[in-house]
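1. Whatever this is, show me its structure:
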Amino acid sequence: MDHSFSFMPYWFKSKVNPDDVRIQDELKSSCELPRHVGIIMDGNGRWARLKGKSRVEGHVAGVESVRDIVEASRQLGISCLTLFTFSIENWKRPENEISALMRLLIKVLKRETRQLHDNNIRLHVIGDLNMVSDEVRATLTETMELTKNNSAMMLNIALSYSGKWDILQACRSIAQKAMSGEIDPNVIDEDLINSFLATAEIPDPELLIRTSGEFRISNFMLWQSAYSEIYFTNTYWPDFRRTQLYEALREFQNRERRFGQTSEQLDTKSFKRQA
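-> Okay, the predicted model is just below:
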């Protein structure tokens, strides 16, 4: 999976595109937008190979895509955007690629932290950070500390993350508290499990986007995506911009989210609310 470390916005546009404003207004007025969008950013390596570039150059090319998606999400009022940046499984990759990606992460964080803060965006990271270097962890901590009180949007980075790891660490924590008598096993329910997941602070993603033409979620938010609408696109991540995001959001708005109920039940509830 060709995730991109290039997840921070370079800047927020000073020029306003009237067509872009119109599309955003249509999206915001036509139907409810998801509060939380998760994106599996895939295809950097294949994009690079098609252009005769190195894999690392493919990751670097993803910077502009991430900047554009973060900016558009902020403008639309989406409260949380989670980017699957690097999975636990990605540690199996060649050491030189991992080292280059970690250097890129540090460089981008140091360069773009002020932009995040100035745009009232909070950076939050989920994953097993014990696996990253002290320098990476310190840089992440610095950015999270600076932006911790920002409230316009949370940019949630899944780094050294996997859905199975998330569930496993939650189960271990609950088991330890049950053994110590802090938790009664009889009261363990979905809400309790949610509170021990790495995503305890944020709502489950209503929309999950996967780029590059792959039809799987690759161990991403397995518990949290139980009722996510999943949108697959053939577009490689470096070519995925706000236009493609708008298409995914329109698709989301056109879907009927039943949560186990029938269409007739939803129609009845809608009628009662209107009455």
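
2. From now on I want contacts and neighbour counts done on CA atoms only, so please keep to that.
-> OK.

3. tell me how far the ends of stretch 130-138 are from each other?
-> Stretch 130-138 has an end-to-end distance of 12 Å (C-alpha to C-alpha, to the nearest Å).

4. For it, the averaged confidence score.
-> Mean per-residue pLDDT for stretch 130-138: 97.

5. Distance from that stretch to the middle of the chain?
-> 20 Å (C-alpha atoms, centre = their mean, to the nearest Å).

6. Point out where this structure drops to low pLDDT.
-> For the chain, residues meeting the criterion pLDDT under 70 lie at 1-15, 258-275.

7. Try it again at 80.
-> Low-confidence segments of the chain, defined by pLDDT under 80, are located at 1-16, 257-275.

8. for the helix of greatest length in the chain, which positions count as buried?
-> For the chain, the helix with the greatest residue count under DSSP state H is helix 95-118. Residues of helix 95-118 classed as buried by neighbour count (16 or more other C-alpha atoms under 10 Å): 98, 101-102, 104-106, 108-109, 112-113, 116-117.

9. what does stretch 16-33 give?
-> Neighbour-count burial for stretch 16-33, counted by 16+ other C-alpha under 10 Å, picks out 24, 27, 33.

10. can I assume the last one sits in a strand?
-> What that stands for is Leu33. No - using DSSP: H, G, I helix; E, B strand; the rest coil, the assignment for Leu33 is coil, not a strand.

11. Could you report the separation of it from Pro18?
-> Per C-alpha to C-alpha, Leu33 is found 21 Å from Pro18.

12. Kindly report the same for the second one.
-> Here the criterion is C-alpha to C-alpha. By it, Leu27 lies 14 Å from Pro18.

13. The first one too?
-> As defined by C-alpha to C-alpha, Gln24 lies at a distance of 10 Å from Pro18.

14. cool, Asn219 as well?
-> Look at Asn219 and Pro18: by C-alpha to C-alpha, they are 39 Å apart.

15. now Arg111
-> 29 Å.

16. In stretch 37-44, which residues are buried?
-> Residues of stretch 37-44 classed as buried: 37-44 (neighbour count, 16+ other C-alpha under 10 Å).

17. Can you add distance to Phe86 and secondary structure and give the residues you listed back as TSV?
-> TSV is the format used below for the buried residues of stretch 37-44 (distance: C-alpha to C-alpha, whole Å; DSSP: H, G, I helix; E, B strand; the rest coil):
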residue	distance to Phe86	secondary structure
Val37	17	strand
Gly38	14	strand
Ile39	12	strand
Ile40	10	strand
Met41	9	coil
Asp42	10	coil
Gly43	13	coil
Asn44	12	helix
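
18. Show me where the stretch 51-200 of the chain has its helices.
-> Secondary structure of the stretch 51-200 of the chain by DSSP state H, counting those that start in this stretch: the helices cover 55-76, 95-118, 134-147, 163-179, 190-196.

19. What's the first helix or strand after the last one?
-> In this case it means helix 190-196. Using DSSP states H and E, the helix or strand that directly follows helix 190-196 along the chain is strand 207-210.

20. Tell me which other helices or strands the following helix or strand past that next one touches.
-> Sequence order places strand 229-232 as the next helix or strand after strand 207-210, per DSSP H and E. If you count contacts as 3 or more C-alpha pairs under 8 Å, 6 or more residues apart in numbering; DSSP states H and E, strand 229-232 packs onto strand 207-210, helix 242-254.

21. just to revisit the earlier point, and among the helices of the stretch 51-200 of the chain, the most buried is which?
-> Stretch with highest mean neighbour count among the helices of the stretch 51-200 of the chain: helix 55-76 (a mean of 21; mean count of other C-alpha atoms under 10 Å).

22. thinking again about what came up before, tabulate the buried residues of stretch 16-33 (TSV), appending distance to Ser160.
-> Formatted as TSV, the buried residues of stretch 16-33 follow (distance: C-alpha to C-alpha, whole Å):
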residue	distance to Ser160
Gln24	33
Leu27	33
Leu33	29
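
23. for the residue nearest in space to the middle of the chain, what are its contacts?
-> When C-alpha atoms, centre = their mean is applied to the chain, the residue found nearest the centroid is Thr82 (1.5 Å). Taking C-alpha atoms under 8 Å, 6 or more residues apart in numbering, we find Thr82 in contact with 36-39, 155-158.
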